[in-house]
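J.: Just to be clear, the model below is a prediction. Sequence and coordinates:
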Amino acid sequence: MPNKISVLLVDDHALVRRGFRRILEDEADITVVGEAGDGAEAVRLTKQLKPTVVVMDCALPGTSGLAATRKILETHPEQAILMLSMHSEETLVRQALEDKPKDLVISMHLCRGNFRSTFVASGGYEPIAELIFNEIKMDGYFLEYDSARAGGFEPLRFLPKGKVAILGLVTTKSAKLESKDELKRRLDEASKHAPLEQLALSPQCGFSSGIGGNTMDEEVELAKLRLVVETAREVWGSA
C-alpha cells in the first residue's frame, strides 16, 4: 500500500477539528497526525510532524492562519497547505492569494447549489461580473451556464486579458445529454462577448456535491465528461 497522506488540522474550534478528523479518517489512505488551535502551534507542529498537507483556517487567534502560512513557507516552501474558512470578506480572499507561487493557477467556482440535483439560487452575473473579473485576483472562473437561471453571456465583456471563463454548459442536474451542436452554438454566442481563446468548457458543477448525491448514474456522468472533452477538442484543438 502506498504511503498514507498525513494531515495536520488547524482550526480554533475543537468541534470543527473533530468533524474534519472523522471525515478524513474514514479514508483508508489518509491519517490525521495532529491538531492545532492557533497559528503559532500550527507552525511548531508543521516543523515537528512534517505532514503531507496542512489544513489551515484563515482566521485564528494570535498568529492568524495567513501569517502562519507565510511563516511555514519561509522555511518549508514545498509544504502543501489547504486554506479553508467560513469567512467571505473580500480582503481575506485577497490576502490569501498575495503570496501564491507564480505557477499556481487559482480559480473560483460560483455555485448555485447542486444537492440532489436541485439549485438554491438564480440570477445573472451582471451585478458582480466587473468586481470578480477585475478586482479579485483569480486566474479562472467556473461559471454555471446550464440553464436560463444564469442569464446571458453579456457579463463576459468584463473579462480582462489573461483570465479564463470556464463555462459550465453541461448540466449535472439532469441525465439528459446535451448535443455538441448546441454546445458549440452557445460557445459561439459567448465568444461575441469574450475571445474564444479566453473561454473553456466544463460541467456546470460537480456530479455529487453532497452525501445525497444526484439523480444520475455513473454511466451518464461519464457520457457527459466525454462530451465535454470531445467538444473541447473540436472547438480548441485540445482538451
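T.: Happy to help now that I have it.

J.: contact partners of the longest helix along the chain?
T.: If you go by DSSP state H, the chain has its longest helix at helix 218-236. If you take CB atoms under 8 Å, 6 or more residues apart in numbering as the criterion, helix 218-236 is touched by 170, 172, 175, 177-178, 180, 183-184, 187, 196-197, 200-203, 207, 238-239. The C-beta positions use only the backbone N, C-alpha and C, and glycine is treated the same way.

J.: Can you flag which of those residues belong to strands?
T.: Among these, DSSP state E puts 170, 200, 201, 202, 203 in strands.

J.: Relative to residue 84, how far out is the residue nearest to the fourth one when sequence neighbours are not counted?
T.: Taking CB to CB, 6 or more residues apart in numbering as the measure, residue 202 lies nearest to residue 166, with 4.9 Å between them; neighbours along the chain are not counted. Spatial separation of residue 166 from residue 84 under the definition CB to CB, to the nearest Å is 22 Å.

J.: So those two - more neighbours on which side?
T.: residue 166 (18 against 15; other CB atoms under 10 Å).

J.: Count the neighbours of the residue lying closest to residue 37 once chain neighbours are set aside for me.
T.: Once flanking residues are discounted, residue 37 sits nearest to residue 12: 5.2 Å by CB to CB, 6+ apart. Close neighbours of residue 12, defined as other CB under 10 Å, add up to 16.

J.: Who are the packing partners of the worst-scoring helix or strand of the chain on mean pLDDT?
T.: None of the helices or strands of the chain scores lower by mean pLDDT, DSSP states H and E than helix 90-97, at a mean of 74. Packing partners of helix 90-97 (3 or more CB pairs under 8 Å, 6 or more residues apart in numbering; DSSP states H and E): helix 65-75.

J.: circling back to that earlier point, can you list contacts of the least confident helix or strand of the chain?
T.: Here helix 90-97 has contacts from 58, 59, 66, 83, 85, 106, 135, 136, 137, 138, using CB under 8 Å, 6+ apart.

J.: And the residue nearest to residue 202, how close does it get to residue 70?
T.: The gap separating residue 166 from residue 70 is 29 Å, by CB to CB.

J.: Show me the domain layout of the chain.
T.: Listed domain ranges for the chain are 5-97, 107-236 (source: automatic domain parsing).

J.: The residue of the chain most remote from its centre is in what secondary structure piece?
T.: Distance from the C-alpha centroid of the chain, by CA atoms, centre = their mean, peaks at residue 48 (29.7 Å). Using DSSP states H and E, residue 48 maps to helix 39-49.

J.: buried sites along that helix?
T.: Residues of helix 39-49 classed as buried by neighbour count (16 or more other CB atoms under 10 Å): 39, 40, 41, 42, 43, 45, 46.

J.: Which positions are bridged to residue 53 in the beta structure?
T.: On the basis of DSSP bridges, residue 53 is bridged to residue 7, residue 80.

J.: That one contacts residue 10, correct?
T.: No - if you go by CB atoms under 8 Å, residue 53 and residue 10 don't touch, sitting 10.8 Å apart.
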